[in-house]
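*Asks:* Provided below are the primary sequence and the corresponding predicted coordinates.
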Amino acid sequence: MPVTTVHQPTHREALWELEAAFERGDLITVFGRCTVDYDGRAASSLGLGRRLLVLKPDGAALVHTDENQQPVNWQPPGSEHHAAVRDGQLRVRSVRSSPDETLDIHFETVEQLSAMAVSGRRELSVTGSEADLRNALLDHPAMIEAGFEPLATERPTDAGPTDIFGRDSEGRPVVVELKRRRVGPSAAGQLRRYVAAIEREEGDNAAVRGILVAPSVTDRARRLLAEHDLEFVAVAPPTADDTDSPPAADDADSPPAADDADSPPAADDNADSLSTASTASDREESSAVDTDDEESTAPTAEPSSEESN
């Protein structure tokens with residue numbers, strides 16, 4: 001992959017490199033002392049400081065500082081990049097036409113400029129998500145218990161949609177709550193609310209069972225499950241290496257897996273055989289999870305043009 005890097009170029013040299021990189025369709029990074037001004041649906045400005053500018057061939061422009069993963073200002077894909085040298089400064093402008101927005105970055109000094117031809121635009125392959133666990137269990141319901149028959153996914157209740165609803169070998173209703181990582185007491189509380197909601201629907205005499213499926217649980221969660229006659233089955237989500245085999249039971253004392261709060265859901269391969277009551281996007285996890293779960297983390301929202309600008 002060809003990479004062009006210049007250190008401490010003059011403004012004119014930096015302009016030549018930028019124009020050539022624009023022509024080639026390269027990804028560009030510029031680091032130096034600059035000001036940043038945005039004008040569009042609102043207006044904002046950043047005083048002089050050392051920042052990193054990233055210009056992508058799809059039109060995206062991002063200005064980063066030394067803090068946080070999100071840019072301090074940005075323009076989305078579809079914008080146009082322009083560069084010029086005026087009044088002793090290198091001026092880079094990113095223009096968006098709909099709506100009309102302009103991001104101006106004026107470099108007093110440029111310490112480094114790099115341009116590179118980036119490839120590999122393949123789709124991100126995600127494995128080991130909660131959706132993968134759900135699909136694997138739907139394919140192999142005996143992993144939950146022998147004789148279990150899944151009937152619906154995302155069945156709505158007044159406590160929120162359940163992951164899997166089915167019946168056991170004796171015909172009793174079963175609520176299955178899935179977690180892809182080690183969980184704490186909030187998961188047990190969430191399952192308890194789902195079971196109570198189904199009991200209200202089924203009637204006072206309904207013997208509704210609740211099963212929490214996860215790689216492992218904390219001691220506190222295990223005690224809470226026992227107090228409310230709820231059950232736990234240790235199963236880990238499948239990985240890319242074992243997608244053709246049922247998920248393996250995990251050790252209850254195993255360390256927690258990485259959280260997949262920002263992972264996109266996988267498609268449900270069992271839509272033809274199950275009555276899917278609602279989509280996973282309808283699920284508001286935060287409304288059903290206790291705040292005392294030490295393992296729970298809230299996902300960080302992706303920046304939007306309205307928020308960042």
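*Replies:* Right, received. Where do you want to start?

*Asks:* For the rest of this, base every contact and every neighbour count on C-alpha atoms.
*Replies:* OK.

*Asks:* Domains in this protein, by residue range?
*Replies:* Per automatic domain parsing, the domain ranges recorded for the chain read 3-116, 130-288.

*Asks:* show me where pLDDT drops low in the stretch 201-309 of the chain?
*Replies:* 204, 240-309 (pLDDT under 70).

*Asks:* Redo the domains of the chain as CSV? Include distance to E123 and mean neighbour count.
*Replies:* Shown next, in CSV, are those (distance: least, Cα to Cα, whole Å; neighbours: other Cα atoms under 10 Å):
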stretch, distance to E123, mean neighbour count
domain 3-116, 16, 18
domain 130-288, 12, 18
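
*Asks:* Next one: R180, what pLDDT does it get?
*Replies:* On pLDDT, R180 comes in at 89.

*Asks:* mind checking how far it is from D104?
*Replies:* R180 sits 44 Å away from D104, going by Cα to Cα, to the nearest Å.

*Asks:* what's the answer for E202, then?
*Replies:* Counting by Cα to Cα, the gap from E202 to D104 is 62 Å.

*Asks:* Counting by contacts, list what the longest helix along the chain packs against.
*Replies:* As assigned by DSSP state H, the longest helix anywhere in the chain is helix 185-202. Applying 3 or more Cα pairs under 8 Å, 6 or more residues apart in numbering; DSSP states H and E, one finds that helix 185-202 contacts strand 173-178, strand 209-214, helix 219-227.

*Asks:* What angle do strand 173-178 and that helix make with each other?
*Replies:* 150 degrees (axes from the mean of the first three to the mean of the last three Cα atoms, to 10 degrees).

*Asks:* in its sheet, what does the strand or helix carrying V36 sit against?
*Replies:* Using DSSP states H and E, V36 falls within strand 27-39. Next to strand 27-39 in the sheet, as set by DSSP bridges, lie strand 43-55 (antiparallel), strand 101-116 (antiparallel).

*Asks:* Which of these sits closest to A234?
*Replies:* Nearest to A234 among the strands paired with strand 27-39 is strand 43-55 (44.4 Å), distances taken as Cα to Cα.

*Asks:* re the thing from before, list the contacts of the strand holding V36.
*Replies:* With contacts defined as Cα atoms under 8 Å, 6 or more residues apart in numbering, strand 27-39 is touched by 18, 21, 43-57, 73, 101-118, 309.

*Asks:* as a whole number, average confidence for that strand?
*Replies:* Per-residue scores along strand 27-39 average to 97.

*Asks:* Render the CA-only coordinates of it in PDB, please.
*Replies:* In PDB, the C-alpha atoms belonging to strand 27-39 read as follows (Å, rounded to 0.1, in the frame of the first residue of the first chain):
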ATOM      1  CA  LEU A  27      -7.100   8.800   3.000                       C
ATOM      2  CA  ILE A  28      -5.300  11.800   4.400                       C
ATOM      3  CA  THR A  29      -4.100  12.800   7.800                       C
ATOM      4  CA  VAL A  30      -2.800  16.200   8.700                       C
ATOM      5  CA  PHE A  31      -1.400  17.100  12.100                       C
ATOM      6  CA  GLY A  32      -0.600  20.600  13.200                       C
ATOM      7  CA  ARG A  33      -1.600  23.800  15.000                       C
ATOM      8  CA  CYS A  34      -4.900  24.900  13.600                       C
ATOM      9  CA  THR A  35      -8.200  26.600  14.300                       C
ATOM     10  CA  VAL A  36     -11.600  24.900  13.500                       C
ATOM     11  CA  ASP A  37     -14.700  26.800  12.400                       C
ATOM     12  CA  TYR A  38     -18.100  25.300  11.600                       C
ATOM     13  CA  ASP A  39     -21.000  27.100   9.900                       C
END
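
*Asks:* For that strand, what is the distance to the chain centroid?
*Replies:* In terms of Cα atoms, centre = their mean, to the nearest Å, the centre of strand 27-39 is set 27 Å apart from its chain centre.
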